[in-house]
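1. Need the 3D shape of this:
(one chain, ligands or ions: 1)
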Amino acid sequence: MKYNFDEIIDRKENRAAKYDERKKKFGTDDVIPLWIADMDFKTAQPIIDSVKKRAEEGMWGYTSRPDSYFDAICDWKKRKHNWEIDKSLVSFSLGVVQTLAASVKILTKEGENVLIQTPVYSEFYDMVELSNRNVIENKIVERNDKWVIDFEDFEDKAKKANLFLLCNPHNPLGIVWTEEELKRMIDICIANDVVVVSDEIHSDLVFHDKKFVPAAIISKGIAENIIVAISGTKTFNLAGLQASTVVFPNLEMKNKFDKFWMSMDIHRNNAFSSNAMEAAFNEGDEWLEQVIEYISGNFDYVNGYCEKYIPEIITNRPDATYLMWLDCRALGMDNDELHNFMIEDAGLGLNDGNSFGRSLNGFMRLNAACPRPVLEKAMKQLEKAVKKLR
Ligand SMILES: Cc1ncc(COP(=O)(O)O)c(C=O)c1O
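-> Predicted coordinates for the structure are as follows:
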């Protein structure tokens, strides 16, 4: 089946946070929302069909999770990333952020240090700080127009850390870490008794023939030392269904997490998520191939447009995620000015760069998972606003 991602779907009745929370986030509804990380595309038809079928049953009581649910996830990981997951070491989690939060609480004590690589998805800061732990930043640095890991600093920081939250692939920089980079980071952590949690939620949204490497397949030693959070919600635009998976290094660790979640009675999925996830992982390939091609075209469009008409803004071509990192430093604004400029002058609802890296100035993040005509309108508005500054 051929999907039409150019179709603009009115999300007014869709209870979409991306649209309904504009006023709260930007102070106005009058912005094109290109912020929170979901897609403005309908998901794959087999997923829609399976959820419809479930809805028509009309009974959504306490819901079981059949073996076929984890089978579908494990088969997908084997097929896509050559990762043979031991099903006995897998648990359900409502969300990847919930897994990060649980990891911080279970694996560290108040006042201890958690290492993150910034800029990074802002919840990495929040989940640490809301639990009264300290963030230690290994800043990803710009060298020869590329964002790279400062390994010397990483090793220095690892010596002081109790836990490392890895973002693999990386949001917001769109980096697919290589096997060498992953191995070097994780080996440093193992040598310094730092537990590693790898957030691999973006692992299926990979472009430009890059190869995603699951951290757990690099070596047996690494697999025995990391916790991996995976999910189909980003891949198939199902974030509202709240279902993710955790792969543990051993039973002892799995039991610790399961007990923690049980202590809050968090152990069942909602009535629709297991059906949706099974359909996604068993029958979602065709849609995913097409959406990746479409989003890749969106990256090219935004890049081409900025190069030609808005050279003050330098965009990246992410190798993963559908989130573009915009370098707006040439506009010469501080973060507040840039924030207001994007809302008031350009009419765009983007994420501020300093929410991902607090010491950064002059960056924004743009969600490119929307119909091309929406991006065309957004780029025209941005060009017009920048022109006025010249
Ligand atoms: C790196 C990363 N982890 C986790 C999440 C959210 O995960 P969940 O909705 O499963 O909590 C996001 C959403 O943007 C993300 O970018």
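2. contacts, neighbours, all on C-alpha from now
-> OK.
3. How about the residues of this protein by the ligand?
-> Applying CA under 6 Å from any ligand atom, we find that the chain lies next to the ligand at 37, 95-98, 121, 167, 171, 199, 201, 239, 244.
4. Okay, and which of those residues map to helices?
-> Residues from those lying in helices, with DSSP state H as the criterion: 96-98.
5. Now flag whichever of those residues is closest to residue 187.
-> residue 96 (23.4 Å; CA to CA).
6. count of residues packed around the closest one?
-> By the criterion of other CA atoms under 10 Å, residue 96 has 23 neighbours.
7. So it sits against residue 231, correct?
-> Yes - applying CA atoms under 8 Å as the test, residue 96 and residue 231 come out as touching, 7.2 Å apart.
8. Quick check: neighbours shared by these two?
-> Counting by CA atoms under 8 Å, 6 or more residues apart in numbering, the common neighbours of residue 96 and residue 231 are 201, 244-245.
9. and those residues as TSV, adding neighbour count, pLDDT and distance to residue 79?
-> Converted to TSV, the shared contacts of residue 96 and residue 231 look like this (neighbours: other CA atoms under 10 Å; pLDDT from 0 to 100; distance: CA to CA, whole Å):
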residue	neighbour count	pLDDT	distance to residue 79
201	26	98	17
244	26	97	18
245	21	97	17
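10. Mind checking which of the residues you listed land in strands?
-> With strands taken from DSSP state E, the overlap with the shared contacts of residue 96 and residue 231 comprises 244-245.
11. Helix or strand next in line after the helix or strand of the chain with the lowest mean pLDDT, which one?
-> The helix or strand of the chain with the poorest confidence is helix 220-223; it has a mean of 94 (mean pLDDT, DSSP states H and E). With elements assigned by DSSP states H and E, the helix or strand that comes after helix 220-223 is strand 226-230.
12. Within its sheet, name the partner strands of that next one and how each one runs.
-> Here strand 226-230 is paired, per DSSP bridges, with strand 195-199 (parallel), strand 244-247 (antiparallel).
13. These into a markdown table, with extra columns for distance to residue 302?
-> A markdown table is the format used below for these (distance: least, CA to CA, whole Å):
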| stretch | distance to residue 302 |
| --- | --- |
| strand 195-199 | 27 |
| strand 244-247 | 31 |
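14. got a list of what residue 373 touches?
-> Contacts here follow CA under 8 Å, 6+ apart; on that basis residue 373 touches 6, 8.
15. Per-residue pLDDT of it, please?
-> Looking at residue 373, its pLDDT is 98.
16. ok so, going back, mind listing residues that contact the least confident helix or strand of the chain?
-> Contact with helix 220-223 is made by 186-187, 215-217, 249, as judged by CA under 8 Å, 6+ apart.
17. Can I get those in JSON lines including distance to residue 128?
-> Formatted as JSON lines, the contacts of helix 220-223 follow (distance: CA to CA, whole Å):
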{"residue": "186", "distance to residue 128": "20"}
{"residue": "187", "distance to residue 128": "23"}
{"residue": "215", "distance to residue 128": "22"}
{"residue": "216", "distance to residue 128": "23"}
{"residue": "217", "distance to residue 128": "27"}
{"residue": "249", "distance to residue 128": "22"}
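18. Many thanks, we can stop here.
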